[in-house]
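In: Okay, here's the prediction I keep looking at, along with the sequence it came from:
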Amino acid sequence: MLKQRKYPVGAEYLPNEEAFHCRIWAPQCKSVTVQLISTNFPCKTETVPLQSENNGYFSGFIHSDTRELQYGLTLDNSDHLLPDPASRFQPSGLSGMSAFINPYSYKWNDFDWHGPTGAQKVLYEMHIGTFTQEGTWKSAEKELPELASIGITTLEIMPVAEFSGSYNWGYDGVLQFAPSHSYGSPDDFRHFIDIAHQYKIAVLLDVVYNHLGKGASVFKCFSRCYFSQKYKNEWGEAINFDDEHSEAVRQYFLSNVSYWISEFHIDGLRIDATQQIFDCSEKNILSEIVTTAKNAAVNRTVFIIAENEPQDTSLLRDYNFDAVWSDDFHRSATVAMTSHAEAYYSDYSGTPQEFVSAAKYGYLFQGQYYIWQKKNRGTPTRDLSPDRFIHYLQNHDQIANSCRGLRLHHLCSFSLYKTFTALLILGPQTPFLFMGQEFCSSAPFYYFTDNHLQDPERSLRGRKSFLSQFQSIASVNGPLVPDPHHPDAFLRCKLNFQERITNQSRYNFHRDLLKLRRTDSVFNELNQAEIDGAVIGTEAFVLRYFTNKSVNDRLLVINYGKDLKLIPNPEPLLAPPLHCHWKLLWHSEDPSYEGDGIAPLNVKKIWNIRGQTAYFLGGEPD
């Protein structure tokens with residue numbers, strides 16, 4: 001490989017040569033030719049044969065003026081034009097021609113940005129196609145000042161790799177280096193990130209390295225060794241990270257990690273379903289992903305998150321991931337808020353002790369038997385700091401899995417919703433919001449796909465089959481499950497920002513909570529604070545933050561049941577810090593949040609704790 005190249009594959013612009021250099025991995029082919037096609041009328045074509053490197057790679061320079069050219073690849077003198085597996089952009093979609101993209105043409109303005117730092121992160125999951133009515137980077141960019149103003153520090157963008165069709169969740173991406181044409185150009189994406197950094201917002205990208213979506217057959221034209229037959233993957237063919245020719249496959253995905261961080265200034269990655277990434281190599285690919293990401297960042301910090309359903313903390317301890325998603329908190333909260341415990345919620349009761357344990361340990365299941373899966377689940381979390389666990393009430397999966405795509409505030413009283421939102425945002429773990437959650441959006445979030453390579457009826461049957469694990473859904477006759485291929489399944493998910501005004505009190509509720517987390521000293525020193533908790537009622541508990549200065553101690557009181565009077569009151573966590581008394585800093589039933597107000601807490605004698613209410617108290621000197 002030429003020393004000037006940064007990446008092993010694709011059409012890469014080399015400034016010193018003032019030309020693009022194409023490099024293609026096609027070990028099962030005898031020849032690879034680049035077909036240059038003019039985008040102007042009349043259409044002109046030119047062929048550039050690539051030279052074999054005798055190692056499975058073919059390469060060569062493109063000396064033509066590429067500004068009005070796109071390209072496709074032909075293998076072994078075939079007439080069938082294929083996109084580049086490492087295409088940087090597909091202006092006409094997955095099956096169209098690949099574009100020549102010069103990343104140096106974009107002039108960055110984020111020189112003072114050094115990436116996300118500290119424990120004070122608030123994550124916000126965003127699907128670009130439904131975040132705004134237009135569904136583009138340019139339209140999403142306009143909302144960044146507002147997100148910054150309410151306290152969002154980190155965006156987690158759902159996958160954007162080019163997929164089949166015009167809309168998709170993104171987890172069926174195929175061409176890993178090509179941001180979807182549906183959302184705009186690569187430079188539109190860069191500008192979105194550039195503006196985010198100006199507002200001190202980090203941008204993480206969700207990537208899928210466990211399988212490729214429908215349309216991945218194009219990879220098999222170049223090499224069948226992209227995929228492994230040794231392992232069974234839930235969603236498609238497993239990626240080959242440890243078998244014949246796996247080194248080239250590893251390089252493809254590791255260079256993709258470096259590509260997003262280096263060329264797009266991405267601040268980190270969320271690695272989807274790591275339990276479905278199989279690798280028996282001496283050095284696991286997951287460890288290499290983290291190392292590659294941190295090396296690519298050079299003088300910036302990056303934040304690497306793992307999704308791992310089995311809750312394996314070796315990702316944090318051995319592979320050096322910065323954080324993991326934690327499903328346990330969401331599941332306990334959903335059971336408590338809705339009183340339903342079906343399917344994968346069935347191992348949770350929504351009891352106060354579950355929330356105390358989740359706050360102290362991040363995961364609930366750390367090796368205990370998990371009835372739903374008929375096996376043990378989880379690994380110990382002892383000595384891992386709380387900010388390394390990401391807690392949420394809602395995400396894209398869990399809203400869609402309510403069948404009708406309903407958000408949690410539609411499934412319980414608003415007082416109860418506020419109580420658990422306070423626990424989420426004022427708890428010790430890293431809080432995570434799903435787009436629109438901050439103003440209680442009325443938009444549902446369905447599973448949707450415009451994949452032309454899928455049979456729509458089969459896709460709908462598959463969705464119904466998945467949701468049938470919920471007996472309440474399986475027992476319903478009629479079209480309860482939205483058709484993923486119908487345009488309405490996509491269009492109805494788009495947010496309406498006018499609801500920031502019509503839901504002003506609910507928007508203010510989230511804004512004030514986020515401000516409290518951002519400004520209160522205890523959250524800036526979470527890793528130094530000692531966290532304890534205690535059950536004080538059948539549906540009530542407290543979390544205590546012990547700090548180096550007792551006056552900075554904090555007490556979070558959560559009552560998601562009936563009104564409660566603590567008589568007697570032997571719980572020591574309720575005792576104020578020495579030479580201090582408790583001062584109420586905030587509560588969830590303020591009338592400005594559509595609340596009914598609260599009676600005095602009477603913390604010096606008999607605590608009067610209103611039902612479905614959260615209280616946040618701080619120490620104040622006597």
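Out: Perfect, I can see it now.
In: pLDDT weak spots in the stretch 351-500 of the chain?
Out: Along the stretch 351-500 of the chain, the parts satisfying pLDDT under 70 run over 453, 455, 474-480.
In: what about the helices in it?
Out: With DSSP state H, counting those that start in this stretch as the criterion, the stretch 351-500 of the chain has helices at 352-361, 396-400, 414-426, 456-467, 471-474, 487-491, 499-502.
In: Mean neighbour count and distance to residue 277 for these - can I get that in CSV?
Out: Just so you know, the C-beta spots here come from the backbone N, C-alpha and C atoms, and that holds for glycine as well. Formatted as CSV, the helices of the stretch 351-500 of the chain follow (neighbours: other CB atoms under 10 Å; distance: least, CB to CB, whole Å):
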stretch, mean neighbour count, distance to residue 277
helix 352-361, 20, 25
helix 396-400, 21, 18
helix 414-426, 23, 29
helix 456-467, 15, 21
helix 471-474, 14, 30
helix 487-491, 17, 28
helix 499-502, 15, 38
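In: Which residue ranges make up the domains of this structure?
Out: What automatic domain parsing lists as the domains of the chain is 10-105, 328-386, 528-621.
In: circling back to that earlier point, go through the helices of the stretch 351-500 of the chain and name the closest to residue 208.
Out: helix 396-400 (13.1 Å; CB to CB).
In: Run through who's touching that closest one.
Out: With CB atoms under 8 Å, 6 or more residues apart in numbering as the test, helix 396-400 has contacts from 125, 127, 158, 169, 330, 334, 405-407, 434, 444-447.
In: I'd like those laid out as a markdown table, including distance to residue 212 and neighbour count.
Out: As requested, the contacts of helix 396-400 are exported to a markdown table (distance: CB to CB, whole Å; neighbours: other CB atoms under 10 Å):
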| residue | distance to residue 212 | neighbour count |
| --- | --- | --- |
| 125 | 22 | 21 |
| 127 | 20 | 27 |
| 158 | 16 | 22 |
| 169 | 14 | 24 |
| 330 | 28 | 23 |
| 334 | 32 | 23 |
| 405 | 26 | 19 |
| 406 | 31 | 14 |
| 407 | 31 | 21 |
| 434 | 26 | 24 |
| 444 | 28 | 18 |
| 445 | 24 | 28 |
| 446 | 23 | 25 |
| 447 | 19 | 25 |
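In: need those residues in JSON lines with distance to residue 217, can you?
Out: As requested, these are exported to JSON lines (distance: CB to CB, whole Å):
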{"residue": "125", "distance to residue 217": "30"}
{"residue": "127", "distance to residue 217": "26"}
{"residue": "158", "distance to residue 217": "24"}
{"residue": "169", "distance to residue 217": "20"}
{"residue": "330", "distance to residue 217": "36"}
{"residue": "334", "distance to residue 217": "38"}
{"residue": "405", "distance to residue 217": "31"}
{"residue": "406", "distance to residue 217": "37"}
{"residue": "407", "distance to residue 217": "37"}
{"residue": "434", "distance to residue 217": "33"}
{"residue": "444", "distance to residue 217": "33"}
{"residue": "445", "distance to residue 217": "30"}
{"residue": "446", "distance to residue 217": "27"}
{"residue": "447", "distance to residue 217": "23"}
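In: Which of those fall within strands?
Out: If you go by DSSP state E, the contacts of helix 396-400 have 125, 434 in strands.
In: one step back: and the domains of the chain as a markdown table, adding distance to residue 259?
Out: Below are the domains of the chain laid out as a markdown table (distance: least, CB to CB, whole Å):
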| stretch | distance to residue 259 |
| --- | --- |
| domain 10-105 | 9 |
| domain 328-386 | 30 |
| domain 528-621 | 37 |
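In: Can you point out the buried residues in stretch 434-445?
Out: 434, 435, 436, 437, 438, 439, 440, 441, 442, 443, 444, 445 (16 or more other CB atoms under 10 Å).
In: Show me which pair in those is furthest apart.
Out: 438 and 444, at 16.6 Å, using CB to CB across the buried residues of stretch 434-445.
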